[in-house]
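Trainee: the amino acid sequence is not available; the structure is as follows:
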């Protein structure tokens, strides 16, 4: 079982490697990746250094180029794929059909993974990407139960990577325009969801009120743990007339206790979300998962590790991996 | 207001009903469309939730016959989020057996339809000319563009494929997101498995308000929709000139025949824009209009357009 | 919007609060050379931080250790970063973004020993104003492996030797005392908190009523707007 870990900066990359990551995944410092946040990500030079360090340690680096190239402005995406190939990364993680086609034609020997942003949730879709673009691995969308994942694996001949920890989309990834509806900026087009540029925090009588664009997303009373101002994790009013977490609570995914089942299902790699998080987070989660995977692979019980302090809303869920989540 | 008289060859399409209208109501709706609406293409099929599929399926042949007799092009729309064994089996069946053209709303359908003529639906990500070209190569006859694309991007896409069919979403609440979870059920304290089909209560979706009581979104089962109603009446002229061949109107629970007539007359140049806007305003009572996506700003916004020179 | 009654303006009960009391006689301007020295050292040791900050155009940050009597005024202007120390009684300068939290946590954050989002989730850290700028600063600082020991490395000029020791020991001191202080905090503050929470509940009830009234208003406005909305009108 491969442990794939996030890094938004070179310091986080070092932290991930030190904590036992098999693979670190990163993005370039522009709109070509889905964590296009200010001050984050890698220049080609920083990536080159990171790849050297990882390879010296016998580890790998993947590069996410997983936004959808903009009509009439394809160059930044082409250049990102070219740079990744030149630097010698171990795989690129792509979502767009056109870009997959470009990578296959121009860099046939560069390993291609299908990003979660492509939302390939069934064998037919995955097999299409396999036969059309020769993808070697698919990162599964967070909509499937562990049982469905196990069944799916028997019907495809590509490796699977699943999300194990961190921020959790409640919508099918790559198929959501909620952010651009509220702010004009979307994950698919701009590499941002509920972007910081449109977020405002206000203190209203001891309550922390978060606003996104023109809309109030949440109001956290005193002492209550807060979450990201992601609009699908806000409090809204539905048909009952009372405020509630209509879509999802502020919470983080954590599947540590399901590791034996995921190994059993034949999952090839576990992915930690959080390129936007600090290196302290990276170190804590990666160390925790390193221990847990090592234990689970030996058939030992997975040790309980409290990740409460770094989770959103300070709570976690097994999310869609359990059927009752739906 | 633009008062320029246009006359366009562009066709009008009626998107699939996204909401859980009772099957008989859907049948009667389509009969009325067949008999009265000047629409060229009608899409039909359950796109949102496979739990609703069994109710509509028995009526489909009858509805399609009636539509075809009325001279409409009929297209069967496939499910947008395909996960379970049953959903996959149904997809294989419709691909093998459907006598009508299919609209692929997931990459699974795109894969199965490779080499066969089909339509790429609005739930498939087509953001640039490379992807557009790839799908045409794969067998797409027409491609419906995603809702969040700006006018600029649409313009580039139209320019890159001059003689191909491209469809633009021009009216109705637009679907913004899909999920494995049912928010309609969740808001009623139910799970998706035991949902009691509560989504049937809201024929235009369930309004979602912010803590300030401001209307924000609408929920339709597993689908999250815009609260605002997209209205590209004003942009129709430009889009048709740039080469958009089809305009999609999403069914809402109102007089859709009148909506279709209004768009048709506007395309034919027999109705002034101002008058057309007034008709639509009178018809759509439940939410304001928006065209923000088209203008590259927040999707919920309505950008005021001044008279063009 | 700044709410004078927000708890962010109430200092947290921490060891640093007392350190602050002890330092009260030290005027802010005398700390300025120290802060500037620290910044110069950081620019030298961690240039990557400042290259990441350079994307900001003219942003002033107010960094407000809520348990000290000083505030740091960090500004990025034309790709250059400057710092000033201000006393709490000084006039509030214009800042696009404010970051408030206990000094120990701010130092931990600077050294990347704690995750900024985690501090925010737990409400330890408070931010106001330009969220994007705050995020840029956080990401920039986190991109280097900052160690205060290296930054201070040797005696700090302009200041008595004892002071340097105070700064470098601040972390370990802070952490060991934190726990005791939390216990003390509970015993002192609990009765007051209970009273406050009663008042809060009353205010919540009023707010609920207001919300319902607001909602009615929105409904009325919407239908009014609908009536007035001209063809292609503006929202």
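Mentor: Perfect, thanks for sending it. Computed from a predicted model, the values in this text were never measured in an experiment.

Trainee: what segments of chain C are helices?
Mentor: C:15-23, C:28-45, C:47-53, C:103-110, C:116-121, C:131-142, C:148-152, C:161-228 (DSSP state H).

Trainee: do the same with chain A
Mentor: All helices of chain A, identified by DSSP H, fall at A:10-18, A:44-56, A:75-87, A:97-106, A:123-133, A:146-153, A:178-183, A:187-190, A:259-265, A:279-297.

Trainee: ok, residue A:44 touching residue A:89?
Mentor: No: with contacts defined as CB atoms under 8 Å, residue A:44 does not count as touching residue A:89, sitting 10.7 Å away. Glycine gets a C-beta too; all of them are placed from N, C-alpha and C.

Trainee: who has more neighbours, the two?
Mentor: Under the criterion of other CB atoms under 10 Å in any protein chain shown, the comparison of residue A:44 against residue A:89 puts residue A:89 first, with 24 against 15.

Trainee: I'd like to know how far that one sits from chain C.
Mentor: 20 Å (CB to the nearest CB, to the nearest Å).

Trainee: which residues touch that residue?
Mentor: Residues in contact with residue A:89, defined by CB atoms under 8 Å, 6 or more residues apart in numbering or on different chains, are A:47, A:51, A:61-63, A:110.

Trainee: please apply the same query to residue C:113.
Mentor: Going by CB under 8 Å, 6+ apart, the list of residues near residue C:113 reads residue A:280.

Trainee: closest to residue C:145 out of the contacts of residue A:89?
Mentor: Closest approach to residue C:145 among the contacts of residue A:89 (CB to CB): residue A:47, at 18.0 Å.

Trainee: the closest one: how many residues sit nearby?
Mentor: A count of neighbours around residue A:47, defined by other CB under 10 Å, yields 24.

Trainee: now it: closest residue in space that isn't a chain neighbour?
Mentor: Nearest-residue entry for residue A:47: residue A:87, 5.6 Å, with adjacent residues in sequence omitted and distances by CB to CB, 6 or more residues apart in numbering or on different chains.

Trainee: over to residue A:313?
Mentor: What sits nearest to residue A:313 in space, not counting adjacent residues and going by CB to CB, 6+ apart, is residue A:250, at 3.3 Å.

Trainee: any idea how far that neighbour is from chain B?
Mentor: The value you get for residue A:250 to chain B, if CB to the nearest CB is used, is 14 Å.

Trainee: surely that residue is in contact with residue A:229?
Mentor: No: applying CB under 8 Å, one finds residue A:250 not in contact with residue A:229, separated by 9.4 Å.

Trainee: spit out the residues that contact those two alike.
Mentor: Common neighbours of residue A:250 and residue A:229 (criterion: CB under 8 Å, 6+ apart): residue A:218.

Trainee: can you tell if stretch A:116-132 touches chain B?
Mentor: Yes: using CB under 8 Å from any CB of the partner chain, stretch A:116-132 comes into contact with chain B via A:118-125, A:127-129, A:131.

Trainee: my guess is residue B:170 is in a strand, correct?
Mentor: Yes: under DSSP: H, G, I helix; E, B strand; the rest coil, residue B:170 falls within a strand.

Trainee: please list all residues in contact with it.
Mentor: When contacts are counted by CB under 8 Å, 6+ apart, residue B:170 is found next to B:230-233, B:235-236, B:247-249, B:263.

Trainee: restricted to buried residues, select the residues you listed in ChimeraX.
Mentor: Here the buried members of these are turned into a ChimeraX selection, burial being counted by 16 or more other CB atoms under 10 Å in any protein chain shown:
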select /B:230,231,232,233,235,236,247,248,249,263
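
Trainee: where does chain A have low pLDDT?
Mentor: Nowhere does chain A drop to pLDDT under 70.

Trainee: swap in 90 and give it another go.
Mentor: Applying pLDDT under 90 to chain A flags the ranges A:142-145, A:167-169, A:202-207, A:221-229, A:239-242, A:249-252, A:257, A:302-326.

Trainee: please name the residues that touch the spatially most central residue of it.
Mentor: With distances taken as CA atoms, centre = their mean, the residue of chain A nearest its centroid is residue A:273 (4.3 Å). Counting by CB under 8 Å, 6+ apart, residue A:273 touches A:6, A:163, A:165-168, A:253.
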